[in-house]
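Undergrad: just coords:
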């Protein structure tokens, strides 16, 4: 049920992105700070990860052979 709700969302919290994609929260915050291509937007004081762009970003770094 939780995953079904996540699949419908366009913007995810850092926690939701972490849980859905298996990337640690600390690592996501590091990527937000260090990788200008990481698909995040700041809304007020919160970061939101663009889910469709995150999936495309993950595909791209996989093809490039990058490591997280």
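TA: All right, it came through fine. Predicted, not measured: the structure shown is a model, and the values here were computed from it.
Undergrad: going forward, measure contacts between C-alpha atoms and count neighbours the same way
TA: Will do.
Undergrad: all strands of this protein, in order?
TA: 11-13, 40-43, 46-50 (DSSP state E).
Undergrad: Throw those into TSV and include mean neighbour count, thanks.
TA: Below are the strands of the chain laid out as TSV (neighbours: other CA atoms under 10 Å):
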stretch	mean neighbour count
strand 11-13	18
strand 40-43	13
strand 46-50	17
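Undergrad: okay, those in a markdown table with mean pLDDT and distance to residue 19 next?
TA: Converted to a markdown table, the strands of the chain look like this (pLDDT from 0 to 100; distance: least, CA to CA, whole Å):
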| stretch | mean pLDDT | distance to residue 19 |
| --- | --- | --- |
| strand 11-13 | 97 | 10 |
| strand 40-43 | 98 | 16 |
| strand 46-50 | 98 | 12 |
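Undergrad: closest to residue 31 out of those strands?
TA: strand 40-43 (9.5 Å; CA to CA).
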